[in-house]
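[1] turn this into a structure:
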Amino acid sequence: MSDKDIILLSAAVAAVMADGLNADELNTLGNFIMCIGQDLVAAAAQKGVYEKNGNGNNGEIEFAPITPFT
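    So this is what the prediction gives:
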């Protein structure tokens, strides 16, 4: 699918979804979809870092143990 096709498809989906919704409902739906998009972008970035570094932990974050300040 080309970049132009994706733009046209997203515009068509938005037009269909917006039909019959008031301004508050549109804002709520739009914000919800944007949150999903942000989470997907963050997950892709994290996965890309681990794939680039050759780590074999499926993109999961490994946290260092917490030690108290002395």
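
[2] name the SS class of residue 42, please.
    helix (DSSP: H, G, I helix; E, B strand; the rest coil).

[3] pLDDT score assigned to it?
    With respect to pLDDT, residue 42 scores 89.

[4] pLDDT below threshold where in this protein?
    Residues of the chain meeting the criterion pLDDT under 70: 54-66, 69-70.

[5] for it, what spans make up the helices?
    Using DSSP state H, the helices of the chain run over residues 3-18, 23-53.

[6] dump the ones you listed into CSV; add distance to residue 67 and mean neighbour count as well.
    For the C-beta atoms, the positions are set from N, CA and C on the backbone; glycine is no exception. Formatted as CSV, these follow (distance: least, CB to CB, whole Å; neighbours: other CB atoms under 10 Å):
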stretch, distance to residue 67, mean neighbour count
helix 3-18, 47, 10
helix 23-53, 25, 11
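
[7] so which of these comes closest to residue 68?
    helix 23-53 (28.0 Å; CB to CB).

[8] please name every helix or strand in contact with the closest one.
    Counting contacts by 3 or more CB pairs under 8 Å, 6 or more residues apart in numbering; DSSP states H and E, helix 23-53 is packed against no other helix or strand.

[9] just how off-centre is that helix within its chain?
    2 Å (CA atoms, centre = their mean, to the nearest Å).

[10] now the angle from it to helix 3-18?
    Here helix 23-53 points in a direction 140 degrees away from that of helix 3-18 (axes from the mean of the first three to the mean of the last three CA atoms, to 10 degrees).

[11] ok, back up a step: redo the helices of the chain as TSV? Include distance to residue 68.
    Converted to TSV, the helices of the chain look like this (distance: least, CB to CB, whole Å):
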stretch	distance to residue 68
helix 3-18	49
helix 23-53	28
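
[12] and for residue 68, the neighbour number?
    4 (other CB atoms under 10 Å).

[13] and it, how close does it get to residue 24?
    47 Å (CB to CB, to the nearest Å).

[14] with residue 4 instead?
    To residue 24, residue 4 is 32 Å away according to CB to CB.

[15] no further queries at this time; thank you.
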